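Undergrad: With the input below, show me the fold.
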Amino acid sequence: MGLIYYGAGSDPIRIEDRTLAHLKVVIATKLRRNESFTLSWRHEEGQERGRETLWLHPSIPLRFVFDEPEPPELSGEWLRALAGSANSTGGIQLLPEHMSARDAEDAAEGDEEPSLVL
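TA: All right, here's what the predicted structure looks like:
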């Protein structure tokens, strides 16, 4: 299970390593372009029901920590789906890897947030 440390908060956000590796690429690309955006996800099973959204800005410290020492092979289709949601008005929605590109576009355009176990 990987971790994101964002801002001055000491509580990390827990995200599965493979998902985090894909998010890191998309987030780093947006921040390198000096673009601010949101990242949203639903709470995992076992947590209080709900969802969260972070406002990501290039000036706020961000750190990714991975459990696995070797990075996974990345899926180009999943990266495109996440990048597509990052460029939408809703910001990055954590989309499941198995979603088709069309499903990802529909999710990015809609108000519904896809569920993904972090």
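
Undergrad: The closest residue to residue 51 other than its chain neighbours - how many residues pack around it?
TA: Leaving aside its chain neighbours, residue 51 sits nearest to residue 42 (4.7 Å; criterion: CB to CB, 6 or more residues apart in numbering). Placement of C-beta: from N, CA and C, glycine included. A count of nearby residues for residue 42, using other CB atoms under 10 Å, gives 18.

Undergrad: Correct me if wrong: residue 42 contacts residue 93.
TA: No: assessed by CB atoms under 8 Å, residue 42 is found out of contact with residue 93, at 9.7 Å.

Undergrad: Helix or strand for residue 18, just tell me which one.
TA: Using DSSP states H and E, residue 18 falls within helix 17-32.

Undergrad: Past that helix, which element shows up next along the chain?
TA: Per DSSP H and E, helix 17-32 leads on to strand 37-42 as the next helix or strand towards the C-terminus.

Undergrad: so what secondary structure elements neighbour that following strand?
TA: Counting contacts by 3 or more CB pairs under 8 Å, 6 or more residues apart in numbering; DSSP states H and E, strand 37-42 packs against helix 17-32, strand 51-56, strand 92-93.

Undergrad: Pairing partners for that strand, with directions?
TA: strand 51-56 (antiparallel), strand 92-93 (parallel) (DSSP bridges).

Undergrad: Quick check: buried residues in it?
TA: By neighbour count with 16 or more other CB atoms under 10 Å, strand 37-42 contains the buried residues 37, 39-42.

Undergrad: picking that back up, would you quantify the distance from the residue nearest to residue 51 to residue 85?
TA: 14 Å (CB to CB, to the nearest Å).

Undergrad: same question, residue 96
TA: 12 Å.

Undergrad: Comparing those two, which residue is more hemmed in?
TA: Neighbours were counted for residue 96 and for residue 85 using other CB under 10 Å; residue 85 has more, 25 against 15.

Undergrad: Looks to me like that one is in a helix.
TA: Yes: under DSSP: H, G, I helix; E, B strand; the rest coil, residue 85 sits within a helix.

Undergrad: Before I go, just wanted to say thanks for your time.
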